[in-house]
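Engineer: I need the structure of the sequence given here:
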Amino acid sequence: MNVDSLNAYQIASRKTWSRIQTDHAIVYPTLGLTNEAGEVAGKIKKIFRDRDGVISDADRDALKYELGDVLWYLAQICTELDLTLEDVASANLTKLSDRLERNSIRGDGDNR
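Structural biologist: Have a look, this model is predicted:
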C-alpha cells in the first residue's frame with residue numbers, strides 16, 4: 001500500500017469516527033486491564049522469542065506481579081458492575097462446563 005492510499009484511508013475512515021464521552025468510572029480500570037494483559041503477553045512473547053519457552057523463576061515472579069495487576073483491574077471492573085470475582089468465576093466455570101459437555105470447548109464465538 002502506498003502513502004497516498006494510506007492518506008486516503010485516513011481521510012475516509014474519519015467519516016465513521018465520532019467523539020464518545022468516556023467520563024465513567026469503568027473506563028480507567030478497563031484501559032488498565034488491557035494494558036496489564038498486554039504486559040503479561042509481552043513477557044510471555046519474550047520468553048518464547050528469547051529463551052525457547054523456558055520459564056525461569058525470575059520470569060515466574062515477574063509474571064506473578066503482572067497477573068496481580070490484571071487481577072486488581074479486574075476487581076475494580078467487577079466492583080463497577082456490582083459483580084463479585086466469585087460471581088464471575090462461577091459463571092465462567094458454568095459456561096466452560098456446558099461447552100465441555102456439548103464438546104464445543106474449542107472454536108470461535110461466545111455462543112458456541
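
Engineer: What lies in contact with the helix or strand harbouring residue 59?
Structural biologist: Taking DSSP states H and E as the criterion, residue 59 maps to helix 57-80. The set of residues external to helix 57-80 that reach it, using CB atoms under 8 Å, 6 or more residues apart in numbering, is 25-26, 28-30, 32-33, 36-37, 39-40, 43-44, 47, 55, 84-85, 87-88. (C-beta placed from N, C-alpha, C; glycine too.)

Engineer: Tell me the buried residues in that helix?
Structural biologist: The neighbour-count check on helix 57-80 (16 or more other CB atoms under 10 Å) flags 62-63, 66, 69-70, 73-78 as buried.

Engineer: Distance of residue 107 relative to residue 37?
Structural biologist: Residue 107 sits 22 Å away from residue 37, going by CB to CB, to the nearest Å.

Engineer: So for the two, which sits in the more crowded spot?
Structural biologist: Taking other CB atoms under 10 Å, residue 107 and residue 37 do not tie; residue 37 has more neighbours (16 against 8).

Engineer: Without its sequence neighbours, what residue ends up closest to the more buried one?
Structural biologist: Setting aside the residues directly before and after it, residue 37 is nearest to residue 70 in space (CB to CB, 6 or more residues apart in numbering), at 5.8 Å.

Engineer: Please apply the same query to residue 28.
Structural biologist: Going by CB to CB, 6+ apart, residue 28 has residue 76 as its nearest residue, at 8.0 Å.

Engineer: ok, back up a step: out of the contacts of helix 57-80, which end up buried?
Structural biologist: 29-30, 32-33, 36-37, 39, 47.

Engineer: and which of those is nearest residue 13?
Structural biologist: Using CB to CB, residue 30 is the member of the buried ones among the contacts of helix 57-80 that lies nearest residue 13, at 23.3 Å.

Engineer: how close does the most centrally placed residue in the chain get to residue 82?
Structural biologist: Residue closest to the mean C-alpha point of the chain, counted by CA atoms, centre = their mean, is residue 34 at 4.8 Å. Per CB to CB, residue 34 is found 21 Å from residue 82.
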